[in-house]
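Peer 1: Structure, please.
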Amino acid sequence: MKLIHIIAVIAIAIGIGVLVSASNDMATYSTFKDAYNHPGEKFKVVGQLAKDKEMYYNPEENANYFTFFMKDNDGQEEKVVLRKAKPQDFERSEQIVLTGKVEDGQFIATDMLMKCPSKYKDEEIQMKKAAKGSL
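Peer 2: Residues are numbered from 1 along each chain as shown. Take a look at the predicted model:
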């Protein structure tokens, strides 16, 4: 076998390995029920902040510890521990995507994405009202 063939086989094997490892991280969205039924496994849970429930964040005590309650798309509400600082404008979020797993009976999030309301939404509403008033 020529050296070029060996290099090509190695490159193909590395490419397949990268694709397999990337596909393991491409999880579909789950619910808290799935996460609690499979403790220790990583899940992505989508939901909304339960604004009527308590949030706890004390950066002087631990800057990487934030707790809050979230309701998933099935309506199940759970306490979440985020192992990061509290995000700016967290209370204004419309939707939250958490990546984490259940440990010791609670959902521990290691990463979070937030969908916040558009800053242009109010301007758009005002422009539509102004357009209706000029007709």
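
Peer 1: Any stretches of the protein with poor pLDDT?
Peer 2: When residues are selected by pLDDT under 70, those of the chain lie in 22-27, 118-126, 128-129, 132-135.

Peer 1: now the helices for it?
Peer 2: 3-25, 32-37, 121-134 (DSSP state H).

Peer 1: Give me the packing partners of the shortest one, helices and strands only.
Peer 2: Read that as helix 32-37. In terms of contacts (3 or more C-beta pairs under 8 Å, 6 or more residues apart in numbering; DSSP states H and E), helix 32-37 is packed against strand 43-49, strand 95-103, strand 106-115. Where you see a C-beta, it was placed from the backbone N, CA and C, and this is true even at glycine.

Peer 1: ok, Lys42 - how many residues close by?
Peer 2: 15 (other C-beta atoms under 10 Å).

Peer 1: now the closest residue to it other than its chain neighbours, which residues is it bridged with?
Peer 2: Excluding the flanking residues, the one nearest Lys42 by C-beta to C-beta, 6 or more residues apart in numbering is Lys101, at 5.2 Å. Residues in a beta bridge with Lys101, per DSSP bridges, are Ile108.
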